[in-house]
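*Asks:* got a structure for you, letters missing:
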Ligand SMILES: N[C@@H](CCC(=O)N[C@@H](CSS)C(=O)NCC(=O)O)C(=O)O
């Protein structure tokens, strides 16, 4: 099995849209070689006693302007990270390894899996923030290529997937985890995946908002995301203007929709005059089965 150490050597040769975390906080014990190769893609907590590092990549699919995120616990270069999913009502512990993708797109699955392979990761989860209407999730295709991967979507979405999550559930990978926060509005089952809240988790936190809050915009939203600390990074599912990241504080100040009173907000949202996403008739049925539509017959 490839060790995570491999990713430090291979990261400089990648040509994907590679998003660097803003102002990464590196632990004082980081070695010079670690800094030179990993600064852009890893993340350390503020805790001086902790060496927890989030490997993070932001990937882009240009036809639907969708972001996919790759996350892994990079603090275990020498041993597989234990991955567990802790569900709020019943707790189960699964010994899986390594990394998770948030909002994969079918068209870019090969690129994403090749990155996972290059980085020496084992992919275990394909997370979906919601049933998308503008593209087909990559979850199904990923499962045909890597049968061990579990697809995840919210129970409230009424879609089918291997694991249905609810608000408060924790999805653990290594010593890091994402918590599930219900953020309905754009769709009834929209959830935001928020990185863990604790001194042993990456700080500031990261929120993968799907279409609930976009940078300086939103799909359809409630305001649950704005209860997070202002320095929480916002990583949406789309961007139509070239932005890559924001923070809760920035969006509270500058989001042209979410800074308005309720009446004005409603008025803006009712008058967006957006035409239906081009892919809606294909994407919604396929995403209701997490991308497993007629893939079995294709594989046969
Ligand atoms: N033109 C695109 C779809 C654009 C669109 O409707 N985006 C949605 C999120 S994907 S369903 C949205 O909520 N946008 C908010 C906005 O302010 O643009 C296509 O045809 O696929």
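*Replies:* Yep, that arrived. In this text the structure is predicted, and so the values were computed from the model without any measurement. Numbers count the residues shown, from 1 in each chain.
*Asks:* Spell out, range by range, the helices that occur in the chain.
*Replies:* 5-10, 32-38, 109-118, 139-145, 248-254, 262-270, 280-288, 295-299 (DSSP state H).
*Asks:* gap between the fourth one and the chain center?
*Replies:* From the chain centre to the centre of helix 139-145 is a distance of 17 Å (Cα atoms, centre = their mean, to the nearest Å).
*Asks:* now for that helix, which elements pack on it?
*Replies:* helix 109-118, strand 123-127, strand 150-154, helix 295-299 (3 or more Cβ pairs under 8 Å, 6 or more residues apart in numbering; DSSP states H and E). Heads up, the C-betas are built off the backbone N, CA and C, glycines and all.
*Asks:* Please list the residues of the stretch 101-250 of the chain that sit near the ligand.
*Replies:* Residues of the stretch 101-250 of the chain lying near the ligand by Cβ under 6 Å from any ligand atom: 133-134, 186, 211, 217, 219, 238, 240.
*Asks:* Counting neighbours, which of these comes out on top?
*Replies:* Ranked by neighbour count (other Cβ atoms under 10 Å), these have residue 211 at the top, with 25 neighbours.
*Asks:* Would you agree that residue is in contact with residue 237?
*Replies:* Yes - counting by Cβ atoms under 8 Å, residue 211 touches residue 237, with 5.2 Å between them.
*Asks:* okay, and the common contacts of these two?
*Replies:* The contact sets of residue 211 and residue 237 overlap at 129, 132 (Cβ atoms under 8 Å, 6 or more residues apart in numbering).
*Asks:* As CSV, the residues of the stretch 101-250 of the chain next to the ligand with pLDDT would be great.
*Replies:* CSV is the format used below for these (pLDDT from 0 to 100):
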residue, pLDDT
133, 91
134, 94
186, 88
211, 94
217, 88
219, 85
238, 95
240, 94
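*Asks:* Which two among the residues you listed are spaced furthest apart?
*Replies:* Greatest spatial distance among those (Cβ to Cβ): 133 and 217, at 16.2 Å.
*Asks:* Quick check: the gap between residue 181 and residue 260.
*Replies:* Distance of residue 181 to residue 260, given as Cβ to Cβ, to the nearest Å: 23 Å.
*Asks:* ok, now which ones touch residue 249?
*Replies:* 230-231.
*Asks:* With residue 123 as the reference, measure out to residue 112.
*Replies:* 9 Å.
*Asks:* How about residue 137?
*Replies:* 14 Å.
*Asks:* between the two, who's got more neighbours?
*Replies:* residue 137 (33 against 25).
*Asks:* Point out where the stretch 151-300 of the chain drops to low pLDDT.
*Replies:* 220-224, 296-300 (pLDDT under 70).
*Asks:* residue ranges for the strands of it, please.
*Replies:* 163-165, 170-173, 176-182, 191-195, 206-210, 233-236, 246-247 (DSSP state E, counting those that start in this stretch).
*Asks:* Show me the contact partners of stretch 266-280.
*Replies:* By Cβ under 8 Å, 6+ apart, stretch 266-280 touches 64, 133-136, 220, 256-257, 260, 283.
*Asks:* Let's check: the centremost residue of this protein is which one?
*Replies:* The chain has residue 102 as the residue nearest its centroid, 3.3 Å off, counting by Cα atoms, centre = their mean.
*Asks:* I'd say that residue and residue 69 touch.
*Replies:* Yes - between residue 102 and residue 69 there is a contact under Cβ under 8 Å: 4.2 Å.
*Asks:* and for these two, which residues touch both?
*Replies:* By Cβ under 8 Å, 6+ apart, the residues touching both residue 102 and residue 69 are residue 208.
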